[in-house]
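Visitor: The following block contains a protein sequence and its predicted model.
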Amino acid sequence: MAYLEIKNLSKKYGEKEGIQNLSFNLEKGKILTVLGASGSGKTTLLRCLVGLSSPDQGTVTLEGKNLIQVSQEDNIFSRIGLVFQSFHLFPHLTVLENVALAPLLASQKKIIFKQKTVLNDDRARTEAERLLEWVDMSAKKDAYPCELSGGQQQRVAIARALALNPEILAFDEPTSALDPALRGEVTRLFKDLKSRGKTLIVVTHDLDFARSVSDDVLLLKDGKIESQGPASEMFQTSIPIAFEKNLVE
């Protein structure tokens with residue numbers, strides 16, 4: 001059984017097809033890159049995987065459990081965390097407060113659903129400090145987002161996503177908001193996440209970045225899978241052809 005298994009996932013927006021009958025698997029500890037031109041369905045797929053959109057049909061199964069069918073109570077702690085393209089850090093909170101906020105809010109929801117585990121402020125801050133050290137941002141814990149570079153904000157956003165302890169991390173265009181000089185830093189960070197056993201899903205237009213980090217590649221066109229396979233094969237065959245046909249940008 002695959003670690004993450006997607007079967008016949010579809011989503012419409014009115015008469016427009018966002019994604020159509022997508023099926024693929026992802027093994028634990030691997031990095032899957034999703035490529036495709038604008039409007040190919042990449043963002044729709046990501047939104048369905050992390051629960052921001054409800055698919056019209058299909059299943060998202062993680063370790064044998066269908067995430068679409070779980071109750072709100074069971075799904076308090078998201079099993080797939082998302083790092084947004086623009087990071088979406090709260091500007092009025094410090095780095096430490098940004099990272100500690102998510103588990104505190106989730107803890108309050110656990111009280112509503114009468115679950116036993118409750119997180120206090122001290123515990124949340126301690127865990128946030130540990131995660132900031134993990135992404136090499138401890139020195140900036142009292143800084144505000146406006147005082148950080150793009151690469152530093154990226155690291156804080158990753159720490160915040162990790163604060164809910166998701167099994168999978170998903171990224172929406174992780175290099176688009178960064179200067180080219182910072183892309184190497186993000187590449188090293190992704191490889192570090194993988195070395196620590198994290199499973200990653202990455203939506204990107206950046207072919208060089210995708211080539212450097214991917215284990216597997218999914219190429220979308222018009223909401224459907226154009227091709228998929230190991231990165232070593234895809235970048236030798238399908239991706240060059242897709243680039244020539246303007247299927248990726």
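Guide: Thanks, I have the structure now.
Visitor: If we ignore the residues flanking it in sequence, what's nearest Gly64?
Guide: The shortest distance from Gly64 to any non-neighbouring residue, by CB to CB, 6 or more residues apart in numbering, is to Met1 (6.1 Å). For the C-beta atoms, the positions are set from N, CA and C on the backbone; glycine is no exception.
Visitor: can you pull the contacts of the residue positioned nearest the centre of the chain?
Guide: Centroid-nearest residue in the chain: Ala170, 1.0 Å away (criterion: CA atoms, centre = their mean). Going by CB atoms under 8 Å, 6 or more residues apart in numbering, Ala170 touches 46, 49-50, 80-83, 200-203.
Visitor: Could you pull up phi and psi at Asn25?
Guide: phi -120, psi 160 (degrees, to the nearest 10).
Visitor: Could you count how many residues lie near the residue nearest to it when sequence neighbours are not counted?
Guide: Distances taken as CB to CB, 6+ apart put Ala2 closest to Asn25, at 3.7 Å, once the chain neighbours are dropped. Neighbours of Ala2 under the rule other CB atoms under 10 Å: 14.
Visitor: tell me the secondary structure for Ala2?
Guide: coil (DSSP: H, G, I helix; E, B strand; the rest coil).
Visitor: ok, now which ones touch it?
Guide: Going by CB under 8 Å, 6+ apart, Ala2 touches 25-27.
Visitor: which of the residues you listed lies closest to Leu105?
Guide: Checking the contacts of Ala2 against Leu105 with CB to CB, the nearest one is Leu26 at 28.0 Å.
Visitor: Check the closest residue to that closest one other than its chain neighbours and give its pLDDT.
Guide: Leaving aside its chain neighbours, Leu26 sits nearest to Leu4 (4.2 Å; criterion: CB to CB, 6+ apart). Looking at Leu4, its pLDDT stands at 94.
Visitor: With Phe113 instead?
Guide: For Phe113, pLDDT reads 37.
Visitor: Please apply the same query to the one 5 residues further on.
Guide: Reported pLDDT at Val118 in the predicted model: 46.
Visitor: One more: Asn165?
Guide: Reported pLDDT for Asn165: 82.
Visitor: do the same with the one 4 residues further on
Guide: Among the per-residue scores, Leu169 shows a pLDDT of 92.
Visitor: distance of it from Leu46?
Guide: 12 Å (CB to CB, to the nearest Å).
Visitor: Pull up the overlap in contacts between these two.
Guide: Shared contacts of Leu169 and Leu46, counting by CB under 8 Å, 6+ apart, come down to 82, 201.
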